[in-house]
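In: Here is a sequence with its predicted model. Questions after.
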Amino acid sequence: MTTLITGASSGIGEALAVECARRGESLYICGRNEERLAAVAEKCAALAAANAFVKAKRLDVTDEAAVKEWFAECEAFSPVERVFSNAGVSTGEETEENVRTTFAVNVNGNLNVVLAAIETFRARRSGGQILITASIAGYGPLPSCPSYSATKSCMKTWALSLRGMLAREGIKVSAICPGFVRSRITDMNTCPMPFFMEADRAARIILSRADRNIGLIAFPWPMRLATWAFASIPYSLAEIFGRFLPKKVSRRDRQRGG
């Protein structure tokens, strides 16, 4: 298996890269922070099988041309079979700058990666798999983190819609909706984080369900049940309950993954 992972320099992306390397997969990984990315690549290389490779590239997924170029480079070296579109950002304070950055990364960044993956798989006509990281927060609407909730809801809906559209072409698509998982983003949180999970455990859950082509990879189940219930009740009640939700992030600066 040859796997491509964006946002691989921390959090779930890093944990996925390490677990894939441990499983003997070849890896293309990218992130914005060159130093952290190099450390992840080194860790993966130490775990990699003798016939596997680990190739890391500093990349900003909001750069459409750079993303397309990277996919072309990867495809020329060794065809990609599975793509984790994982790079993301937590908004922090809902300033105009932070809101625009959240949408740029969480929506446009994922668009760049996923569209490049679809184009690559279609050109090859041999199927492939795309997994898009959304969030339990995507079950929203959450007044505690409007932009983050909205962007993750967008990615969840888009992934599940693509799944149906692309199935006939042999391209598998899944939405990943984790709860609170250890990362540079959750390290900033001061709000309660029920059912908190370490990133390595989350990566194992994700990969196990990806192997079985599960369309909606949402966990842990109590969080999924709670957010589903919140999203299912009449909005007038949800609006009242939402007033009592703590803010997801209390610090001023946004936290950017990858």
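Out: Structure received.
In: Next up, the contacts around residue 63.
Out: residue 112 (C-beta atoms under 8 Å, 6 or more residues apart in numbering). Any C-beta I mention is one placed from the backbone N, CA and C, and that applies to glycine too.
In: Local confidence estimate at it?
Out: pLDDT for residue 63: 98.
In: And the helices in the stretch 101-250 of the chain?
Out: 110-124, 146-166, 199-211, 221-232, 235-242 (DSSP state H, counting those that start in this stretch).
In: Residue 15: neighbour count?
Out: 25 (other C-beta atoms under 10 Å).
In: Name the nearest residue to residue 33, ignoring sequence neighbours.
Out: Of all residues not flanking residue 33 in the chain, residue 9 sits nearest, at 5.0 Å (C-beta to C-beta, 6 or more residues apart in numbering).
In: brain fart, residue 1
Out: According to C-beta to C-beta, 6+ apart, the nearest residue to residue 1 is residue 25 (4.4 Å).
In: Confirm for me that that neighbour is in contact with residue 16.
Out: No - Residue 25 lies out of contact with residue 16 (C-beta atoms under 8 Å); the separation is 10.1 Å.
In: Now for the residue nearest to residue 203 when sequence neighbours are not counted: which residues touch it?
Out: Spatial nearest neighbour of residue 203, excluding adjacent residues (C-beta to C-beta, 6+ apart): residue 15 at 3.8 Å. The contact partners of residue 15, by C-beta under 8 Å, 6+ apart, come to 199, 200, 202, 203.
In: Closest one of these to residue 234?
Out: residue 202 (32.2 Å; C-beta to C-beta).
In: show me what contacts the residue lying closest to that closest one once chain neighbours are set aside?
Out: Excluding its sequence neighbours, the residue lying closest to residue 202 (C-beta to C-beta, 6+ apart) is residue 181, at 4.5 Å. Counting by C-beta under 8 Å, 6+ apart, residue 181 touches 11, 12, 196, 197, 198, 199, 202.
In: Tell me, how many residues neighbour the fifth one?
Out: In other words, residue 198. 10.
In: separation between it and residue 208?
Out: 16 Å (C-beta to C-beta, to the nearest Å).
In: same deal with the second one?
Out: Counting by C-beta to C-beta, the gap from residue 12 to residue 208 is 14 Å.
In: Tell me which of those two has more neighbours.
Out: More neighbours surround residue 12 than the other of residue 12 and residue 208, with 27 against 11 (other C-beta under 10 Å).
In: so the more buried one is in which element?
Out: Element membership for residue 12 (DSSP states H and E) is helix 11-22.
In: can you confirm the residue nearest to residue 33 is in a strand?
Out: No - applying DSSP: H, G, I helix; E, B strand; the rest coil, one finds residue 9 to be coil, outside a strand.
In: Okay, now the unreliable bits of the protein?
Out: The chain contains residues with pLDDT under 70 at 182-196, 230-231, 233, 235-258.
In: Show me which strand runs longest in it.
Out: Longest strand in the chain, counting residues (DSSP state E): strand 171-178.
In: isn't there a helix covering residue 42?
Out: Yes - the assignment for residue 42 by three-state DSSP puts it in a helix.
In: Please tell me how far it sits from residue 96.
Out: 38 Å.
In: wait, what's in contact with residue 228?
Out: Residue 228 touches residue 139, counting by C-beta under 8 Å, 6+ apart.
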